[in-house]
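[1] Prediction below, plus the sequence it came from.
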Amino acid sequence: METQTQQLSDRINKLETSATLAMAAKARELKEAGKDIIGLSLGEPDFNTPDFIKEAAIQAINDNYNSYTPVDGYAELKDAIITKFKRDNTLDYQRSQIVVSTGAKQSLYNVAMVCLNPGDEVILPCPYWVSYSDIVKLAGGVPVEVPTTIDSDFKMTAEQLEAAITPKTKMLWYSSPCNPSGSIYSKEELRALADVLQKHPQVVVVSDEIYEHINYVGGHFSMAQFEDMYDRTVTVNGVSKAFAMTGWRIGYIGGPNYIARACNKLQGQVTSGANCIAQRAVITALQAPISEIQYMIDQFKERRKLILDLLADIPGFECNKPEGAFYVFPNISHYIGKELKGQTINDASDFSMFLLEYANVATVTGDAFGGPNCIRLSYAASQEEIKKAMAQIKKAVS
Ligand code: PMP
Ligand code: GLU
């Protein structure tokens with residue numbers, strides 16, 4: 001086994017397994033073995049894809065959409081994306097600036113691969129989405145973590161950004177609404193970051209807006225909306241979350257021509273275009289008014305209240321109030337160094353494993369998100385499951 005691993009590339013041997021997917025796989029395994037596990041680990045809506053989108057996919061099959069698609073996406077889909085960017089973000093893109101990919105994860109990977117040379121630094125405000133640091137490393141980049149705390153609502157300040165920038169800084173990556181903290185950068189907060197970036201013209205921004213519509217406070221602002229940031233920002237988005245389409249695997253970017261062209265070139269050698277049926281369905285999804293998916297957002301909002309209320313009743317779970325996405329990211333340092341059911345909890349990872357074993361609830365350790373004293377719980381689960389999970393956690397830690 002050891003020798004076989006040595007046969008593999010250093011690249012893959014150094015890569016971490018995705019913590020979210022690993023925990024989801026573990027929970028699935030335990031369920032199959034008969035354990036009654038409540039899965040709050042994976043960030044995946046528990047709704048079905050809306051019927052009007054499914055019908056568009058069936059229509060596409062019947063209309064014989066079965067050939068390779070243009071590498072960077074059907075022209076009609078690009079037009080739907082352009083209209084969406086205009087409608088929701090007042091952003092103007094041309095077709096040549098849009099690249100459709102096999103999920104926003106591939107969009108991010110493409111951007112890292114085309115922008116980074118070995119040793120280039122990428123600033124990641126913590127907590128960040130789990131795959132950012134490994135995607136950056138895979139591309140030869142160096143993640144530079146900027147820690148934040150609950151006191152700043154897990155947001156990076158302009159001063160912190162300034163202090164993190166070096167001559168090697170090539171990019172800044174963040175998500176807003178944020179996975180895992182649920183925080184949303186306001187226009188003013190983004191302006192303060194943009195002012196710092198004006199002094200460092202070599203820094204390209206990746207603004208991951210995949211949770212844009214899952215926003216409980218209103219007001220979504222995109223970095224590219226600032227005229228002086230437009231040419232150096234890649235806006236990443238996708239349909240997995242808001243349209244409950246995780247398995248359809250469609251994500252996209254809008255960005256500067258040179259980056260879009262490079263992503264197109266890379267994708268052409270690696271995956272070709274994204275799935276043809278899914279692309280057709282996404283045209284219909286993006287053309288629909290947001291009111292079509294509002295019922296899911298309303299449900300997430302109710303669940304956010306429910307989980308925050310229930311967590312407030314369990315000692316040692318210090319939460320910020322997430323403004324978007326469907327995660328809570330409590331600080332659980334209260335339990336670190338303590339003994340629970342005869343086990344020493346050395347870190348958040350131990351605590352997450354403890355919850356899996358003694359509360360039958362799957363969560364994800366904050367370490368994977370650059371938030372070492374936290375764990376992440378997804379509330380994209382039914383209210384019954386959330387209630388049951390919180391009761392079991394309360395019992396296990398008491
Ligand atoms: N960015 C963030 C912040 C996410 O939470 C996810 C969830 N998987 C992705 C990107 C990737 O989404 P997908 O590949 O399903 O489009
Ligand atoms: N984005 C989701 C999460 O953070 C899906 C899992 C993944 O793609 O890693 O749980």
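    In hand now; what should we look at? Ligands and ions are numbered 1, 2, ... in the order given.
[2] any idea which helix or strand comes after the longest helix along the chain?
    Counting residues, the longest helix found in the chain (DSSP state H) is helix 294-312. Next along the chain after helix 294-312, taking DSSP states H and E as the criterion, comes strand 327-328.
[3] helices or strands up against that following strand?
    helix 294-312, strand 375-378 (3 or more C-beta pairs under 8 Å, 6 or more residues apart in numbering; DSSP states H and E). C-beta here means a position set from N, CA and C on the backbone, and glycine is covered the same way.
[4] can you do 6 Å?
    The criterion is 3 or more C-beta pairs under 6 Å, 6 or more residues apart in numbering; DSSP states H and E, and the helices and strands that strand 327-328 contacts are strand 375-378.
[5] So residue 206: helix, strand or coil?
    strand (DSSP: H, G, I helix; E, B strand; the rest coil).
[6] ok, and the closest non-adjacent residue to it?
    Spatial nearest neighbour of residue 206, excluding adjacent residues (C-beta to C-beta, 6 or more residues apart in numbering): residue 173 at 4.3 Å.
[7] In contact with that neighbour, which residues?
    Contact analysis of residue 173 by C-beta atoms under 6 Å, 6 or more residues apart in numbering lists 122, 124, 132, 206.
[8] Any chance you could list what contacts the helix or strand containing the third one?
    Translated: residue 132. Per DSSP H and E, residue 132 falls inside helix 131-138. Helix 131-138 has contacts (C-beta under 6 Å, 6+ apart) with 15, 16, 108, 109, 112, 122, 124, 143, 173.
[9] Tabulate the residues you listed in CSV, adding columns for pLDDT, secondary structure and distance to ligand 2.
    Putting the contacts of helix 131-138 into CSV (pLDDT from 0 to 100; DSSP: H, G, I helix; E, B strand; the rest coil; distance: C-beta to the nearest ligand atom, whole Å) gives the following:
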residue, pLDDT, secondary structure, distance to ligand 2
15, 92, coil, 14
16, 89, coil, 12
108, 98, helix, 10
109, 98, helix, 12
112, 98, helix, 15
122, 98, strand, 18
124, 98, strand, 15
143, 98, strand, 16
173, 98, strand, 14
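[10] what two of the contacts of residue 173 are the furthest from one another?
    124 and 206 (10.0 Å; C-beta to C-beta).
[11] Quick one, which of the contacts of helix 131-138 are buried?
    108, 109, 112, 122, 124, 143, 173 (16 or more other C-beta atoms under 10 Å).
[12] From the contacts of residue 173, list the ones also adjacent to ligand 1.
    For ligand 1, no contacts are drawn from the contacts of residue 173 by C-beta under 6 Å from any ligand atom.
[13] Of these, just say which sits nearest to residue 257.
    Lowest distance from residue 257 to those (C-beta to C-beta) belongs to residue 206, with 16.4 Å.
[14] The closest one: neighbour count?
    By other C-beta atoms under 10 Å, the residues close to residue 206 number 26.
[15] show me what contacts it?
    By C-beta under 6 Å, 6+ apart, the contact list for residue 206 reads 111, 173, 234.
[16] would you list these in CSV and tack on distance to ligand 1?
    Shown next, in CSV, are those (distance: C-beta to the nearest ligand atom, whole Å):
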residue, distance to ligand 1
111, 12
173, 10
234, 13
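[17] So the residue of the stretch 101-250 of the chain at minimum distance from ligand 2, which state does it fall into?
    Distances between the stretch 101-250 of the chain and ligand 2 by C-beta to the nearest ligand atom are smallest at residue 179, namely 5.3 Å. Using three-state DSSP, the structure places residue 179 in coil.
[18] correct me, but it touches residue 130?
    No: counting by C-beta atoms under 6 Å, residue 130 is not a contact partner of residue 179; they are 8.1 Å apart.
[19] more crowded one of the two?
    residue 179 (29 against 24).
[20] For that one, give its distance to ligand 1.
    Distance of residue 179 to ligand 1, computed by C-beta to the nearest ligand atom, to the nearest Å: 4 Å.
[21] quick one, phi psi at the spatially closest residue to that residue that is not a sequence neighbour?
    Computed as C-beta to C-beta, 6+ apart, the closest residue to residue 179 that is not its neighbour in sequence is residue 129, at 4.6 Å. With angles defined as degrees, to the nearest 10, residue 129 sits at phi -70, psi 140.
[22] Ligand 2 contacts on the stretch 1-150 of the chain?
    Counting by C-beta under 6 Å from any ligand atom, the residues of the stretch 1-150 of the chain lying close to ligand 2 are 18, 20, 21, 42, 43, 44, 105, 130, 131.
[23] Same check on the stretch 151-300 of the chain?
    The stretch 151-300 of the chain comes close to ligand 2 at residues residue 179, as judged by C-beta under 6 Å from any ligand atom.
[24] residue ranges of the strands in the stretch 201-350 of the chain, please?
    204-208, 233-238, 251-254, 327-328, 339-340, 343-344 (DSSP state E, counting those that start in this stretch).
[25] ok, and what's touching stretch 240-258?
    If you take C-beta under 6 Å, 6+ apart as the criterion, stretch 240-258 is touched by 44-45, 47, 49, 81, 85, 93, 96-104, 107, 210-211, 213, 231, 234-236, 238-239, 274, 278, 282, 285, 293.
[26] Any regions of this structure where pLDDT drops low?
    The chain contains residues with pLDDT under 70 at 1-2.
[27] Please list all residues in contact with the residue in it that ligand 2 sits nearest to.
    Of all residues in the chain, the one sitting closest to ligand 2 is residue 43 (3.0 Å; C-beta to the nearest ligand atom). For residue 43, the contacting residues are residue 378, by C-beta under 6 Å, 6+ apart.
[28] distance of it from residue 357?
    Look at residue 43 and residue 357: by C-beta to C-beta, to the nearest Å, they are 22 Å apart.
[29] what's the answer for residue 151, then?
    From residue 151 to residue 357 the distance is 32 Å (C-beta to C-beta).
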